[in-house]
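**Student:** Build me a model from this:
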Amino acid sequence: MSLSLDSDLLRTFLAVVETGNVTRAAERVGRTQSAVSMQVRRLEDSIGAPLFERGPRGVALTPRGDQLLPYARRVVGLLEETSAAMRTGPLDGPVRIGIPEEYGQTILPRALAAFAERHPAVEVTVRSDTSARHLALLESDQIDLAVIYSPDRQTGEEVLCVDPTVWATSIAHRLEERDPLPIAVFTDCTWCSTLAVNSLKQYGIRHRVAYTSDTLAGLVSVASAGLAVASLSRSTIPSDCRELTQADGFPQIDSSRVLLRRNPRRSSAAIDGMVEMIREAFRPAAPAG
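**Tutor:** A predicted model of the protein is given here:
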């Protein structure tokens, strides 16, 4: 069977899913309620099955609708990305960016690769270091953008996401039952180490510093091996470890926000383009707050 799906119908489908209501979906897409209902029926006719269950409080996806949803998002997302790329001329010039190690192998490489493919004439230089170092590099005009962690809740900052620091332990060991508790912390991150140790003191948890590291990789490896309980950003906990929560008798260490800082002395279309790409990369991550 040949199946042809109209992208406009998929956009309407997503609007109904995201608003949970045909009336609100109509307002979003700028159509009448009857027009939206007709588009949904056309899409259901194309699929050959109902996509929504109608109820007094709105609509809910059927199993067939659930199956269509991720594909609709990918198709519409790709169309929007293509449209944005075609509207924007190719950029050129240098962009120097500092990123924390935590995101150097996860979120940002995908963004940087997509940016480089879209704008091959832009010379992107990336530095991976601590937040304090990146702030110093911004101040000395050595980088243009910096993604940093901040424990403060100052106003006027651009918050990309909230990524709390928590205690993590190997799922194959029961280190949390040790007394004193062996812990691993960063060597040169004074505020993080202080917060980590103080959080244990406040909960009356006896501990000893069993391992210090200058790098995230060091803490992750120690936690995975079951040598110590490590203070890690929630997003960096490896698959063979788990977060120790209040249910385990452990506190959250902090509620660090991930910020985007710009060099006020540097401005270009290439830098603006990189800023938007970074924002987009963090949108599926933890919600900003």
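**Student:** In which helix or strand does the nearest residue to Leu9 once chain neighbours are set aside reside?
**Tutor:** Spatial nearest neighbour of Leu9, excluding adjacent residues (CB to CB, 6 or more residues apart in numbering): Leu43 at 4.3 Å. In short, each C-beta sits where N, CA and C put it, glycine included. Per DSSP states H and E, Leu43 falls inside helix 33-47.
**Student:** And for Arg64?
**Tutor:** Going by DSSP H and E, Arg64 is in helix 63-87.
**Student:** how about that helix: buried residues?
**Tutor:** The neighbour-count criterion (16 or more other CB atoms under 10 Å) identifies 65, 68-69, 72, 75-76 as the buried residues of helix 63-87.
**Student:** Show me which of those is closest to Glu157.
**Tutor:** Val76 (31.0 Å; CB to CB).
**Student:** for that closest one, what are its contacts?
**Tutor:** For Val76, the contact set (CB atoms under 8 Å, 6 or more residues apart in numbering) comprises 7, 10-11, 14.
**Student:** Low-confidence stretches in the chain?
**Tutor:** Along the chain, the parts satisfying pLDDT under 70 run over 1-4, 84-90, 105, 151-156, 188-193, 284-289.
**Student:** picking that back up, from the contact counts, what lies against the helix or strand that the helix holding Leu43 is followed by?
**Tutor:** Using DSSP H and E, the helix or strand that directly follows helix 33-47 along the chain is strand 52-55. Identification of packing neighbours for strand 52-55 by 3 or more CB pairs under 8 Å, 6 or more residues apart in numbering; DSSP states H and E yields strand 58-61.
**Student:** Just checking: what are the partner strands of the strand it packs on?
**Tutor:** Sheet pairing here is set by DSSP bridges, and for strand 58-61 it gives strand 52-55 (antiparallel).
**Student:** For the partner strand, buried residues please.
**Tutor:** Buried, per 16+ other CB under 10 Å, within strand 52-55: Phe52.
**Student:** Strands of the stretch 151-289 of the chain, start to end?
**Tutor:** 158-162, 165-170, 181-186, 207-213, 229-233, 241-244, 257-262 (DSSP state E, counting those that start in this stretch).
**Student:** tally of neighbours for Ala184?
**Tutor:** Other residues lying near Ala184 total 24 when counted by other CB atoms under 10 Å.
**Student:** Kindly report the same for Arg127.
**Tutor:** If you count neighbours by other CB under 10 Å, Arg127 ends up with 15.
**Student:** One more: Gly249?
**Tutor:** Neighbours around Gly249, by other CB under 10 Å: 11.
**Student:** Check Ile278 too.
**Tutor:** 22.
**Student:** Pull the contacting residues for Asp141.
**Tutor:** Counting by CB under 8 Å, 6+ apart, the residues that Asp141 touches are 263, 265-266.
**Student:** Many thanks, have a good one.
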